[in-house]
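A.B. asks: Make a model of this:
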Amino acid sequence: MMTIVYAGFLAFGLVALVLQILAYRTRTDVSVGNNPQFLKFQRGYFAVYLVAMFADWLQGPYLYKLYSYYGFQEAQIAVLYVFGFASTVIIGMWAPMAADQFGRKKLCLAFTVLYSLSCFLKLFRSYGILIIGRIIGGVATSVLFSAFEAWYVHEHIESHDFPKEWIAVTFSRASTWNGILAVTAGLITNVVSEWFGMGPVAPYMLAIPCLVLAGVLVSTHWTENYSSHKTKFRKMCGDGFKGILSSEMIFMVGAIEALVESVIYIVIFLWTPILEPSKPSLGIVFSCFMASILAGQGLFQILSSRHFEVPILLITSCGISLVGTMLCVSSTHPGNANTNLSFIALCIFEFAVGIYFPAMGYLRSHIIPEQHSWSIMSWFRVPINLISCIVLMLLHEDVFLHGNRMIFVVCSILLLLSLLSAFRLLRLWKENESSRQETVLMTSEHIHNIF
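C.D. replies: Residues are numbered from 1 along each chain as shown. The predicted structure is shown next:
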């Protein structure tokens, strides 16, 4: 299998490079965001944020392998993943408000401590300690995708008075560097874990110095900032829920997000046990997946710059991802598994994910009212995690213990529903075309953490 993995990495890496270069050349105004003071401020943010993200990416390729190395069975590992997902969604609804009220710098520092502790707990073979580590890691991840960006937006607007439109420039550049770092992280974890023979716990020990560095940079170079107004958690949640029910377009965005991203979470868990029988280099496989995402992201930027309607690109993404999971249904047939086909199918799926995240980010920014975006998107995360946790817990049932084929059948059904929902959203989009806003604000969370 390693031959096809290396070939896939070279192929998707080359495609991603070409598409990203072409996407870069499609920028309509290369002078936007090139102010020297802005670039200096932006580099200061990237120095911290990208180091923190790199530490996060280092933890992607070998998580399942680590738990398996400790002797846990697939159903037990699924429970560990469920605890991580659940803590992410529970704390994710509170983290943005905590960052606003207690201080974003403080919460960013708390992230570096919590995530370092989560990595350190990976050294223990105790199932209970590993569960605690997963919960702490889920909390830290929630902070990563709230406090850092909230700090940046406040400093960008309030402290430096840069144009609001330049925020999208920073997050767009961050997303590209994120993809490059993800590919690099996969290669590095492969070197330390397999070539140097340090085992699957090595990437987590490597992540700790990165987190310490991020914490030092935050404490010495960042200033504290707070929200200018206090918000009540109950009122925000209530307003968000009412907003979802009051607009069919918002509801359809949430439905598509829940269906697609729950499948993404499931694939995060399944890709290692599916490919493991062929003993691939997991770091290289991970890098190949990340290159596939970069390729999809580049294609989205090219097509959207040529005035392809974003809902159509979302439909394309849902359709391609459905093809990927249907191929996995075939390749994971009990007694006749084909890991080569599974690898190709997963690369196709990740390519679709690369199109999906910027498309969904664009649609959310145009459809969801800005004043309710946090509360509405927090509600969206509930069904995402609920669906993925339920499906993973089904691994305890006898019907699912003879391979993962039925899991991919469920994933295919979810993606088929998302495809139908995307067609409905396209129709609503055309009906409401005249009333939409003309600007878009994308965050790096829209393209992150596929793993």
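A.B. asks: all helices in the stretch 151-300 of the chain, in order from the N-terminus.
C.D. replies: For the stretch 151-300 of the chain, helices defined by DSSP state H, counting those that start in this stretch occupy the ranges 166-190, 202-221, 233-246, 248-275, 282-305.
A.B. asks: what is the orientation angle of the second one with helix 282-305?
C.D. replies: Read that as helix 202-221. Orientation check (axes from the mean of the first three to the mean of the last three CA atoms, to 10 degrees): helix 202-221 against helix 282-305 gives 50 degrees.
A.B. asks: Offset the numbering so it begins at 58, please.
C.D. replies: Done: numbering now begins at 58, and the last item shifts to helix 259-278.
A.B. asks: Extract the CA atoms of helix 259-278 and return them as CSV.
C.D. replies: Extracted C-alpha coordinates of helix 259-278, given in CSV (Å, rounded to 0.1, in the frame of the first residue of the first chain):
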residue,chain,number,x,y,z
ALA,A,259,6.2,11.1,20.4
PRO,A,260,4.1,13.7,18.5
TYR,A,261,2.3,14.7,21.7
MET,A,262,5.6,15.3,23.5
LEU,A,263,6.8,17.3,20.5
ALA,A,264,3.6,19.4,20.7
ILE,A,265,4.3,20.5,24.3
PRO,A,266,7.3,22.8,23.4
CYS,A,267,5.3,24.4,20.7
LEU,A,268,2.5,25.2,23.2
VAL,A,269,5.0,26.5,25.7
LEU,A,270,6.4,28.8,23.0
ALA,A,271,3.0,30.0,22.1
GLY,A,272,2.3,30.7,25.8
VAL,A,273,5.5,32.7,26.1
LEU,A,274,4.7,34.8,23.0
VAL,A,275,1.2,35.5,24.2
SER,A,276,2.4,36.6,27.7
THR,A,277,5.1,38.8,26.4
HIS,A,278,3.8,40.3,23.2
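A.B. asks: Name the surrounding residues that touch that helix.
C.D. replies: 101, 104-105, 108-109, 111-113, 115-116, 118-119, 123, 162, 165-166, 169-170, 172-173, 176-177, 179-180, 245-246, 249-250, 253 (CB atoms under 8 Å, 6 or more residues apart in numbering). Yep, even glycine has a C-beta here, placed from its N, CA and C like the rest.
A.B. asks: picking that back up, pick out the shakiest of the helices of the stretch 208-357 of the chain, pLDDT-wise.
C.D. replies: Note on the helices of the stretch 208-357 of the chain: lowest mean pLDDT is at helix 290-303, with a mean of 74.
A.B. asks: Against which helices or strands is that one packed?
C.D. replies: Counting by 3 or more CB pairs under 8 Å, 6 or more residues apart in numbering; DSSP states H and E, the packing neighbours recorded for helix 290-303 are helix 305-332, helix 430-450.
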